[in-house]
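Student: Attaching a predicted model along with its sequence, questions to come.
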Amino acid sequence: MKIRSQFIKAAHRYLNLGYCYNSNLELINTRKYPVNAQKSYKNLLSKIRAWEYIIFLCSSAAFVTLKGILLGKLLNHIEYASYNYFQIISGFGCIFIGAGIILRHHVELPSLLKENNSGKLYAFTSQSHSILIANSLISCIALSLFSFFSNGEVLLAALGAWQAILLLTFTLELIKLKSGEYFTKYAQKLLIRNLVIFLVAAATAYVTKNAIKTALAEVAINTILTGNLLITYCKNTSLPNLNYIKKTLKYIPLELFGALSQYQDRLAASFILSKMEFSRFSYFFIIINIGITLQQFINTKLIVSFSTEEVTSAFRKFRLGSISLTGIIVFTTSFVLITISSINMAPHWLNLDLESLCLIICIATFKGADLTQSYLICRHMKKLALILQLTATTTFILGMIYIYHQKITDLMYFLKFIATWQFICLTISTLIIWLKNRKQETCCNG
């Protein structure tokens, strides 16, 4: 027995199995996992979490896309145009009301959360909440009065304004989560909200076939989802001091131009095109929005790197992000368009053809792969970003004035202009960033 126990002990020591025997010959686990194994385990968990984040974000974007596609099938072109007017008011209104606040939160909140100073953080957020409330009240009144005197749909405008306030409240909460690098929680919140809104809007459109009732149902459910957060914001407010106002004002021009650049094609289409053509453009914009959404996903990960890393590393990530986005957007938009055509999901008034498909894919790619504004703002080159944005917006407005003056209402001509303009702007902006980066690298090396 003694010889046998000694043999077993020797064998375990030789094989390095991490076990030993006590005096009663009971096997005891004495294995100490190496540091490398613990690191590998943590890396595996982080990879799983990263995929979880991507899956949640892709699912939330898919519900937004499906909502637009399904409403196009359920509503006629007049009702679909009205619903998209509501979408423009709420989307553009969100950025307009939060002008200066959204961008400043993106830039300054990550460093404030890293400092872990609750006093500074409360002072920053509470002052932004008070500006948000004041801007919201002024914007709602102004928009309602404008709709009334211009013989527009006052109810639709009021719903759009209230939706903009709710959207801004939710956006600020998402920015806080992203800045704290709680990416999975951010994606989960976005997914739940988009899923619920999709179900409510689709069900209402199916039953009523009416744009205003669909918008009303969407706003009602969004109020339930975000109302509690808005009440919390109203409670945690403080009057902004002069220094805070001055800093916020610096971000307003850039953010307003950013909002205009994001919505200028849809705003122009709503004024220039007929309701039928505007409905077609709005349906096509669902596909374009896929590119913009994918850009936001990549931006979420890259913004911190752009802000904190050195020049060479930040520019390398900017370049890789743009190239990756180009490939992903071309594949995704092509797949969605082919699927819509093959399963007969497109509405009868859409008139899909090869030329329009190619133009939509090009516009989605040029818009989605454009990371120049994010890069310039995060690298503290706000003046250059503003100059580029101002130049791009001015050329677009001049082009739209020409189209309007010539009374060109053809959708294909409109899409060709946007694709060409977007490509030129992207090329010039990227070239300027590359030259600026080379100059900074030379200064650092010198």
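Tutor: Good, I have the coordinates.

Student: domain ranges for this protein?
Tutor: 1-34, 49-240, 284-446 (automatic domain parsing).

Student: Would you map the helices across the stretch 101-250 of the chain?
Tutor: 101-115, 118-149, 154-179, 183-208, 211-235, 242-272 (DSSP state H, counting those that start in this stretch).

Student: hey, which of those is tucked in deepest?
Tutor: Ranked by mean neighbour count, these are led by helix 154-179 with a mean of 20 (mean count of other CB atoms under 10 Å). For glycine as for every other residue, the C-beta is placed from the backbone atoms N, C-alpha and C.

Student: What is it packed up against?
Tutor: Other helices and strands packing on helix 154-179, by 3 or more CB pairs under 8 Å, 6 or more residues apart in numbering; DSSP states H and E, are helix 77-97, helix 101-115, helix 118-149, helix 183-208, helix 211-235.

Student: So Thr125 sits against Asn236, correct?
Tutor: Yes: here Thr125 reaches Asn236: they are 7.1 Å apart, a contact under CB atoms under 8 Å.

Student: ok, of the domains of the chain, where does mean pLDDT dip lowest?
Tutor: Among these, domain 1-34 carries the lowest mean pLDDT, at a mean of 46.

Student: Please identify which of the helices of the stretch 101-250 of the chain is closest to Phe335.
Tutor: Evaluated over the helices of the stretch 101-250 of the chain, closeness to Phe335 peaks at helix 183-208, with 19.9 Å, by CB to CB.

Student: Distance to Thr372 added to the helices of the stretch 101-250 of the chain, as a markdown table?
Tutor: Below are the helices of the stretch 101-250 of the chain laid out as a markdown table (distance: least, CB to CB, whole Å):
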| stretch | distance to Thr372 |
| --- | --- |
| helix 101-115 | 15 |
| helix 118-149 | 26 |
| helix 154-179 | 20 |
| helix 183-208 | 23 |
| helix 211-235 | 31 |
| helix 242-272 | 11 |
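
Student: for the stretch 251-400 of the chain, what spans make up the helices?
Tutor: So, for the stretch 251-400 of the chain - with DSSP H, counting those that start in this stretch - the helices run 275-308, 311-342, 354-368, 372-378, 382-405.

Student: Could you identify which of the ones you listed is most buried?
Tutor: helix 372-378 (a mean of 24).

Student: what's the offset of that helix from the middle of its chain?
Tutor: 15 Å (CA atoms, centre = their mean, to the nearest Å).

Student: swap in stretch 256-263?
Tutor: Worked out by CA atoms, centre = their mean, stretch 256-263 lies 14 Å from the chain centre.

Student: quick one: contacts of it?
Tutor: Stretch 256-263 is contacted from outside by 88, 91-92, 95-96, 99, 103, 267, 292, 373, 386, 389-390, 392-393, 396, using CB atoms under 8 Å, 6 or more residues apart in numbering.

Student: And stretch 405-414, by the same measure?
Tutor: Ala268, Ala269, Ile272, Leu273, Ser274, Glu277, Arg280, Phe281, Glu355, Ser356, Leu359, Ile403.

Student: List the buried residues in that stretch.
Tutor: Leu411, Phe414 (16 or more other CB atoms under 10 Å).

Student: and Gly93, how far is that from Ala158?
Tutor: Per CB to CB, to the nearest Å, Gly93 is found 11 Å from Ala158.

Student: Just to check, Ser139 is in contact with Ala164?
Tutor: Yes: between Ser139 and Ala164 there is a contact at 7.3 Å, judged by CB under 8 Å.

Student: Touching both of those two, which residues are there?
Tutor: In contact with both Ser139 and Ala164: Gly93, Phe96, Ile97, using CB under 8 Å, 6+ apart.

Student: Restricted to buried residues, select those residues in PyMOL.
Tutor: The PyMOL command for the buried members of the shared contacts of Ser139 and Ala164 (criterion: 16+ other CB under 10 Å) is given here:
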select buried, resi 93+96+97
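
Student: Of all residues in the protein, which one is nearest the centre?
Tutor: Gln296 (3.9 Å; CA atoms, centre = their mean).

Student: re earlier: farthest pair within the contacts of stretch 405-414?
Tutor: Ala268 and Glu355 (20.2 Å).

Student: Thank you, goodbye.
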